[in-house]
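K.L.:
sharing a model prediction with you, sequence too.
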Amino acid sequence: MDQDCLQALYRLSHTQALLALCNRSLARALDERALLQAFCTHLVEAGGYCFAWVGYAAHRGCGRVRLMAQAGPPDAAFAAEVFAACNARDCPSACRVACMGGQPVLLRDLSRPCDLAPWADAARRHGLRSMIALPLQVNGRPFGTFSLFADTPDAFDGQAVALLAELAEDLALGIQTLRARAAQAQEVCRLRIDAEREARGRLAASLHDGVGQTLQALTLGLKQARELARHQDPVPVELLDQLVAEAGDALRQVRAVTCELRPPFLDRVPLREAIRLYCSDIAQRAGGSIRFQADESPFALEDHVKEQCFLAFREALSNALRHAGASRIVVVLRVRPQDRLILAVLDDGVGFDTRQTFERPSGLGLSMIRERAQGVLGRARIRSAPGRGTQVRISVPLSREPAPCP
């Protein structure tokens, strides 16, 4: 095998190792800056380049670039000089041109004079002989630059440029994905705050208008009985009966508020039976048709998973009863052995446009269903269309350790 073939095989193995490292970083990335630093480090340590850095456009149209990550042997003074040149208004730089223009800029030999390399003298002092600046862009709109320096002239041939351009696209996509996840996390946090505020308002109203009014009436009756007793007058049985009834009402209202916070029967019965009893109770009170279908396969759920499943189911059933106008509601519970629990609420009601509903405040309940499922490593899928009913499907993993049915 001749020398050229050996070099080609070496470059191929080098490229595969670099791609594997970058893909692993993309798959595992949780933080944007950590992802940028990982890419720079991989291109220096595995890619064999001397210096790598990533910069973002500071503000649209201002022409400045913010340094986000860097890796490589050159000292901090060289990095500062490159960065300063990138932001010098009177002196264009390859990095800034790529960042602002959205096209790669390749400088094959830094020993040749070039207006786009005001830092060329410093680069040569550090043994750098060529560089490439690649734009980072989303939907054709550049937002940053990914720049590399090599220690040989013409280090960036056609194959290398194609590979690096692909990596820049992957990095931009990874950045976009991380930002989307962060935005989604912020939205979930906002929804949680809104839901908690709504729940507190509802409970405050229940306590004030229900329990508060009942206790006030009970207090007045007790004061009346006390005055009678103080004057040694007999307390009418009717008054005592009224006070007992009002105390009972207050107790029932407190229990209702407690059940709203967390159904107490969840500690005493399995999830399957809790859902069955709740469907039966709601059907009797609402006068609607709710059919419950469940297999009898045993399954195990941790307590907090069981609670979140029930609360998500309760929200889905409440939405169907309040908004669907359905003539028939079906609740289905299925178990995939050693895999997942599937809980679905289906109705034949009016349906809705899911995309528009989630964008409005009215979609808070549906968003909370998804959040509850995601909070226990599950997922919730809502399918609906105007005039075609609604399906809410909740899927959660079963407990890893075998255990009796909760």
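P.N.:
Yep, it's here.

K.L.:
from now on I want contacts and neighbour counts done on CA atoms only, so please keep to that.
P.N.:
Noted.

K.L.:
need the three-state assignment for Val392.
P.N.:
Secondary structure assignment for Val392 (DSSP: H, G, I helix; E, B strand; the rest coil): strand.

K.L.:
which strand residues bridge it?
P.N.:
Beta-bridge partners of Val392, counted by DSSP bridges, are Val345, Ile382.

K.L.:
could you give the number of residues near it?
P.N.:
Neighbours of Val392 under the rule other Cα atoms under 10 Å: 23.

K.L.:
now for it: which residues touch it?
P.N.:
By Cα atoms under 8 Å, 6 or more residues apart in numbering, Val392 lies in contact with 316, 344-346, 380-383.

K.L.:
of those residues, keep whichever come out buried.
P.N.:
For the contacts of Val392, a burial check counting by 16 or more other Cα atoms under 10 Å picks out 316, 344-346, 380, 382-383.

K.L.:
closest to Asp154 out of the residues you listed?
P.N.:
Ala380 (52.7 Å; Cα to Cα).

K.L.:
in which helix or strand does that closest one reside?
P.N.:
For Ala380, the host element (DSSP states H and E) is strand 379-384.

K.L.:
off-centre distance for the lengthiest helix in the chain?
P.N.:
If you go by DSSP state H, the chain has its longest helix at helix 158-206. Here helix 158-206 is found 6 Å from its chain centre; the criterion is Cα atoms, centre = their mean, to the nearest Å.

K.L.:
could you point out the helix or strand that follows it?
P.N.:
Assigned by DSSP H and E, the successor of helix 158-206 is helix 213-230.

K.L.:
relative to helix 158-206, how tilted is that next one?
P.N.:
Interaxial angle, helix 213-230 versus helix 158-206 (axes from the mean of the first three to the mean of the last three Cα atoms, to 10 degrees): 30 degrees.

K.L.:
could you point out which element follows helix 213-230?
P.N.:
helix 237-261.

K.L.:
sort out which residues of that next one are buried, please.
P.N.:
Buried residues in helix 237-261, counted by 16+ other Cα under 10 Å: 243, 246-247, 249-250, 253-254, 257.

K.L.:
now that helix: how far from the chain's centre is it?
P.N.:
Relative to its parent chain, helix 237-261 has a centroid offset of 43 Å by Cα atoms, centre = their mean.

K.L.:
can you name every helix or strand that that helix contacts?
P.N.:
Judged by 3 or more Cα pairs under 8 Å, 6 or more residues apart in numbering; DSSP states H and E, the packing partners of helix 237-261 are helix 213-230.

K.L.:
kindly recompute the last result at 10 Å.
P.N.:
helix 158-206, helix 213-230 (3 or more Cα pairs under 10 Å, 6 or more residues apart in numbering; DSSP states H and E).

K.L.:
tell me which of the ones you listed sits nearest to Arg24.
P.N.:
Of those, the one closest to Arg24 (Cα to Cα) turns out to be helix 158-206, at 11.4 Å.

K.L.:
same list (the buried ones among the contacts of Val392) but as a markdown table, adding pLDDT.
P.N.:
Formatted as a markdown table, those follow (pLDDT from 0 to 100):
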| residue | pLDDT |
| --- | --- |
| Ala316 | 88 |
| Ala344 | 91 |
| Val345 | 91 |
| Leu346 | 90 |
| Ala380 | 87 |
| Ile382 | 88 |
| Arg383 | 88 |
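
K.L.:
tell me the contacts of Tyr132?
P.N.:
For residue 132 the amino acid is Ile, not Tyr. Residues near Ile132 by Cα atoms under 10 Å, 6 or more residues apart in numbering: 52, 94-95, 98, 104-108, 145-150, 155-156, 161, 164.

K.L.:
before we move on, what about Gly375?
P.N.:
Applying Cα under 10 Å, 6+ apart to Gly375 gives the contacts 304-305, 308, 369, 396.

K.L.:
so which of the residues you listed is the closest to Pro73?
P.N.:
Distances from Pro73 to those, taken by Cα to Cα, are shortest for Val396, at 48.5 Å.

K.L.:
contacting residues for the closest one?
P.N.:
Counting by Cα under 10 Å, 6+ apart, Val396 makes contact with 301, 305-306, 308-309, 339-343, 373-380.

K.L.:
shaky segments in the stretch 201-350 of the chain?
P.N.:
Applying pLDDT under 70 to the stretch 201-350 of the chain picks out residues 202, 206, 208, 255-265, 337-338.

K.L.:
again, only this time at 80
P.N.:
201-214, 249-268, 284-289, 300, 337-338 (pLDDT under 80).

K.L.:
which residue of the protein lies farthest from its centroid?
P.N.:
No residue in the chain sits farther from the centre than Gln232, which is 68.3 Å out by Cα atoms, centre = their mean.

K.L.:
ok, that one to Glu238 distance?
P.N.:
Gln232 is 17 Å from Glu238, where distance means Cα to Cα, to the nearest Å.

K.L.:
likewise Gly102?
P.N.:
Per Cα to Cα, Gly102 is found 86 Å from Glu238.

K.L.:
how's this protein carved up into domains?
P.N.:
For the chain, automatic domain parsing gives the domain ranges 3-181, 185-261, 266-397.

K.L.:
how far is the shortest one from where the chain is centred?
P.N.:
With Cα atoms, centre = their mean as the basis, the distance from the averaged C-alpha position of domain 185-261 to the chain average is 39 Å.

K.L.:
same check on the last one?
P.N.:
Relative to the centre of its chain, domain 266-397 is centred 21 Å away, using Cα atoms, centre = their mean.

K.L.:
thought Leu67 was touching Cys95?
P.N.:
No: taking Cα atoms under 10 Å as the definition, Leu67 is not a contact partner of Cys95, at 11.2 Å.

K.L.:
who's in contact with the closest residue to Leu116 other than its chain neighbours?
P.N.:
Counting by Cα to Cα, 6 or more residues apart in numbering, Ser93 is the residue found nearest to Leu116 once chain neighbours are left out, at 4.4 Å. By Cα under 10 Å, 6+ apart, the residues touching Ser93 are 82-87, 99, 105, 114-119, 133.

K.L.:
quick one, which of the residues you listed are buried?
P.N.:
82-87, 99, 105, 116-119, 133.

K.L.:
pick the one among those residues closest to Arg268.
P.N.:
Cys99 (62.2 Å).

K.L.:
and Lys153, what are its phi and psi?
P.N.:
One correction, residue 153 is Pro, not Lys. Phi and psi for Pro153, reported as degrees, to the nearest 10, are phi -70, psi 150.
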